[in-house]
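Participant: Would you be able to build a 3D model of this:
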Amino acid sequence: MSLNTTPRANRLHIGIFGKRNAGKSSLTNALTKQEISVVSEHPGTTTDPVYKSMELHPVGPVVFIDTAGFDDEGELGKLRVEKTREILDKTDVAIVIFDDMDFSQEKSWVEAMEKKEIPIIPVVGKADEGNDRAKLAEKIEKELKKKPILVSALRKEGIEAIKAAIEEAVPEDYKRQRILSGLTGEGDLVLLVMPQDIQAPKGRLILPQVQTIRELLDNRCTTVCTTAGEFEKSLQYLSKTPSLIITDSQCFKQVYEAKPAESRLTSFSVLFAAYKGDIHAFTDGAAAIDGLTEKSHVLIAEACTHAPLEEDIGRVKIPRMLKKKFGESLDVQVVSGNDFPKDLTSYDLVIHCGACMFNRKHVLSRIAKAREAGVPITNYGITIAKLSGILDKIQLPE
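Facilitator: Here you go, the predicted model:
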């Protein structure tokens, strides 16, 4: 990935849904002005979701997701439909293409999207194919109370109208998201404690560190970076006390015990708990840690799919801390990437990573699933602060 490229996780996710051969891939190609999806008269050409990142003026960085038709058939078709359904968990804005007068399937998908509070842009495709397209648009508006956009991907008609609809549909919550919400002001001195271990390969910083540094610079803060081993020496070099210290969660206790009393303290993972999820749900979920026993079952969810590394925080360090407190027989299971159990009811607690590789909608969908199952959910950094006895002493974003 180029240093000038916005990570996919930070882009507005726009899912394109419809039946097979409804024109989803043609629309994707028209919107992106690239032949990224295979177009064929044969239904079922798109199998796995196809992602295309681009800049969409005036919205900004977005990623379009071309999905398999939700009317696919057979055993393989069912798997494709399930993949399409999973895309709903990460969709910020949905474009639904209607293709015929019987749109009962589209209606059921629209209802599922509304339940997830996904803004919907209804589209009637193939507007160049006759007057029945206008009649279909009228029926959709009458039954669904949503006025569709008539589009001809072939003639590039309606494309600008879709772009304008996307801009209007961007959720306000998405526009407001900031990593350092309420924590810094112009001119603040902020000290970052960033261990450079096996988790951060030579020559690279991990994504949350990069994104936090960029926002601090945008906020016109003076930003100083150090490692855990040089933390106390760095404090001595500074002519004034940092107003905020942001540390890797693994160093929480060490930094807390050595920091100046007037310096506020937080961690990258805690910042991302708010930026990518719901900070209140995560802090409320941390209270469940007190009720764990050696018979409890804990699920640890990683957004990354990297091969496990020595002293991995999710697979090694947090399980070790939990078992030290509650006993070696405490059951800890780990999932990664898009793997996430459909049924969470067998778990007493879910602990999620900072999710720098997920968009916020994806994390919020997991929080919602945990809430529906009645299972508390928290985050790596908040968990470590809780187990270190300093959760009530760290700074949380607004």
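Participant: ok, and for stretch 138-157, which residues are buried?
Facilitator: The neighbour-count check on stretch 138-157 (16 or more other Cβ atoms under 10 Å) flags 139-140, 144, 148-153 as buried. The way it works is simple: take the backbone N, C-alpha and C, and place the C-beta from them, glycine included.
Participant: and what of stretch 297-304?
Facilitator: 298-304.
Participant: same question, stretch 89-106
Facilitator: Buried residues in stretch 89-106, defined by neighbour count with 16+ other Cβ under 10 Å: 89-99, 103, 106.
Participant: Can you get me a residue count around residue 58?
Facilitator: 8 (other Cβ atoms under 10 Å).
Participant: Now it: which helix or strand?
Facilitator: Element membership of residue 58, judged by DSSP states H and E, is empty: it is in no helix or strand.
Participant: Am I right that residue 121 is in a strand?
Facilitator: Yes. Under DSSP: H, G, I helix; E, B strand; the rest coil, residue 121 falls within a strand.
Participant: who's it bridged to?
Facilitator: Bridge pairing for residue 121 (DSSP bridges) gives the partners residue 95.
Participant: List the contacts of it.
Facilitator: By Cβ atoms under 8 Å, 6 or more residues apart in numbering, the residues touching residue 121 are 93-96, 149, 162, 165-166, 169.
Participant: roughly how far apart are it and residue 169?
Facilitator: 6 Å (Cβ to Cβ, to the nearest Å).
Participant: hey, what's in contact with both of those two?
Facilitator: residue 93.
Participant: quick one: contacts of the helix or strand hosting residue 271?
Facilitator: Assessed by DSSP H and E, residue 271 sits inside helix 268-275. By Cβ under 8 Å, 6+ apart, the surrounding residues in contact with helix 268-275 are 177-181, 183, 208-209, 212, 246-249, 279, 282, 353-356, 360, 379-382, 384-385, 394, 396-398.
Participant: Secondary structure and pLDDT for the buried residues of stretch 89-106 - can I get that in JSON lines?
Facilitator: Formatted as JSON lines, these follow (DSSP: H, G, I helix; E, B strand; the rest coil; pLDDT from 0 to 100):
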{"residue": "89", "secondary structure": "helix", "pLDDT": "96"}
{"residue": "90", "secondary structure": "helix", "pLDDT": "96"}
{"residue": "91", "secondary structure": "coil", "pLDDT": "97"}
{"residue": "92", "secondary structure": "coil", "pLDDT": "97"}
{"residue": "93", "secondary structure": "strand", "pLDDT": "97"}
{"residue": "94", "secondary structure": "strand", "pLDDT": "98"}
{"residue": "95", "secondary structure": "strand", "pLDDT": "97"}
{"residue": "96", "secondary structure": "strand", "pLDDT": "97"}
{"residue": "97", "secondary structure": "strand", "pLDDT": "95"}
{"residue": "98", "secondary structure": "strand", "pLDDT": "95"}
{"residue": "99", "secondary structure": "coil", "pLDDT": "90"}
{"residue": "103", "secondary structure": "coil", "pLDDT": "94"}
{"residue": "106", "secondary structure": "helix", "pLDDT": "95"}
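Participant: Out of those residues, which comes closest to residue 262?
Facilitator: Using Cβ to Cβ, residue 92 is the member of the buried residues of stretch 89-106 that lies nearest residue 262, at 39.6 Å.
Participant: for the helix holding residue 271, the distance to its chain's centre please.
Facilitator: Distance, stretch centre to chain centre, for helix 268-275: 12 Å (Cα atoms, centre = their mean, to the nearest Å).
Participant: From the contacts of helix 268-275, keep the buried residues only.
Facilitator: For the contacts of helix 268-275, buried by 16+ other Cβ under 10 Å: 178-181, 183, 208-209, 212, 246-249, 279, 282, 353-356, 360, 379-382, 384-385, 394, 396-397.
Participant: Keep only those of the residues you listed that are in helices.
Facilitator: Those of these mapping onto helices are 208-209, 212, 279, 282, 360, 380-382, 384-385, per DSSP state H.
Participant: what's the closest of these to residue 80?
Facilitator: residue 360 (26.1 Å).
Participant: tell me the contacts of residue 11?
Facilitator: Contacts of residue 11 (Cβ under 8 Å, 6+ apart): 53, 61-63, 359.
Participant: Quick check on it: phi, psi?
Facilitator: Here is the backbone geometry of residue 11 (degrees, to the nearest 10): phi -100, psi 150.
Participant: Just give the number of residues close to residue 80.
Facilitator: Neighbours of residue 80 (other Cβ under 10 Å): 22.
Participant: quick revisit: state the mean pLDDT of the helix holding residue 271.
Facilitator: Mean per-residue pLDDT for helix 268-275: 95.
Participant: now swap in stretch 387-398 and tell me
Facilitator: On average, stretch 387-398 scores 94.
Participant: ditto for stretch 10-24
Facilitator: 93.
Participant: gap between the two ends of it?
Facilitator: 24 Å (Cα to Cα, to the nearest Å).
Participant: that older thread, between the buried residues of stretch 297-304, which is closest to residue 28?
Facilitator: When the buried residues of stretch 297-304 are compared for distance to residue 28 (Cβ to Cβ), residue 303 wins out at 25.0 Å.
Participant: Return the distance of stretch 378-387 from the chain's centre.
Facilitator: 19 Å.
Participant: swap in stretch 129-146?
Facilitator: With Cα atoms, centre = their mean as the basis, stretch 129-146 stands 34 Å off its chain's centre.
Participant: May I have it as PDB, with CA atoms only?
Facilitator: What follows is stretch 129-146, C-alpha atoms only, in PDB (Å, rounded to 0.1, in the frame of the first residue of the first chain):
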ATOM      1  CA  GLU A 129     -34.300  -1.100 -22.200                       C
ATOM      2  CA  GLY A 130     -37.800   0.300 -22.400                       C
ATOM      3  CA  ASN A 131     -40.700   1.900 -20.600                       C
ATOM      4  CA  ASP A 132     -41.200  -0.900 -18.100                       C
ATOM      5  CA  ARG A 133     -38.300   0.600 -16.200                       C
ATOM      6  CA  ALA A 134     -40.300   3.700 -15.400                       C
ATOM      7  CA  LYS A 135     -43.200   1.500 -14.300                       C
ATOM      8  CA  LEU A 136     -40.900  -0.400 -12.100                       C
ATOM      9  CA  ALA A 137     -39.700   2.800 -10.500                       C
ATOM     10  CA  GLU A 138     -43.200   3.900  -9.900                       C
ATOM     11  CA  LYS A 139     -44.100   0.600  -8.200                       C
ATOM     12  CA  ILE A 140     -40.900   0.800  -6.000                       C
ATOM     13  CA  GLU A 141     -41.700   4.300  -4.900                       C
ATOM     14  CA  LYS A 142     -45.300   3.400  -4.100                       C
ATOM     15  CA  GLU A 143     -44.500   0.300  -2.100                       C
ATOM     16  CA  LEU A 144     -41.200   1.100  -0.400                       C
ATOM     17  CA  LYS A 145     -41.700   4.900  -0.100                       C
ATOM     18  CA  LYS A 146     -38.300   5.400  -1.600                       C
END
